[in-house]
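Asks: Fold the following.
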Amino acid sequence: MSTFDTIAQSSTIVRNTAEWLEAITQFEKRTKPTFFHARAQLPDQGRTNIVLGATHTLSVVLKTYASGGENELHAHTNEDHMFFILQGSATFRGPNGEIRIVSKNEGIVLPRGSFYSFVADKGEALVMLRVGATIDGTSDPLARVGIDELPLDGFSEANKEVPLVLSDAWFT
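Replies: Numbers count the residues shown, from 1 in each chain. Presented below is the predicted three-dimensional model:
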């Protein structure tokens, strides 16, 4: 019997926090290594999140943003995470006016509690690998707050969520 799972990565887009948490829960049940392929239909508008794999304290998500797509200034309260740019570039902003452009083959590590936002730079769609490491496995791994320290749902209008419109193009 092989110690490897031979499960192909799906390209199922999670559309809210509950679906993201459910995808993580399904991956957590696995006891063998999980292989994945980073493949996603690109958005003309909005953003996508595809959970590629997870354990109880680690998650890997493929994120895509349409050109110009963005999120609101926020911090994750129960997770260290990082982004690695696979396509496009993003302008990251900090709470004190800091600005840094992160391009293809570059990344950023965000310790728990670090406030940031970003916008997908104009041009091609932004594609990022997001790896998160949960600090407290008994608490919500996706907990986040806005700069006002109040909860901020990542799939909310307050976080600049817009309706998703997929293009015919794919990242593979």
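Asks: tell me the contacts of Glu106?
Replies: Phe84, Ile85 (Cβ atoms under 8 Å, 6 or more residues apart in numbering). To be clear about C-beta, it is placed using only N, CA and C from the backbone, and glycine gets the same treatment.
Asks: And the strands in the protein, which stretches?
Replies: 40-45, 47-54, 58-65, 74-76, 79-87, 89-93, 99-103, 107-110, 117-120, 126-134, 144-146, 165-171 (DSSP state E).
Asks: any chance of those strands in CSV, plus distance to Asp153 and mean pLDDT?
Replies: CSV is the format used below for these (distance: least, Cβ to Cβ, whole Å; pLDDT from 0 to 100):
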stretch, distance to Asp153, mean pLDDT
strand 40-45, 19, 97
strand 47-54, 13, 96
strand 58-65, 16, 97
strand 74-76, 10, 98
strand 79-87, 15, 98
strand 89-93, 20, 98
strand 99-103, 24, 98
strand 107-110, 18, 98
strand 117-120, 15, 98
strand 126-134, 16, 98
strand 144-146, 8, 97
strand 165-171, 21, 97
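Asks: Nearest to Ala23, out of those?
Replies: Of all the strands of the chain, the one in closest proximity to Ala23, counting by Cβ to Cβ, is strand 47-54 (3.8 Å).
Asks: Against which helices or strands is that closest one packed?
Replies: When contacts are defined as 3 or more Cβ pairs under 8 Å, 6 or more residues apart in numbering; DSSP states H and E, strand 47-54 sits against helix 17-28, strand 40-45, strand 58-65.
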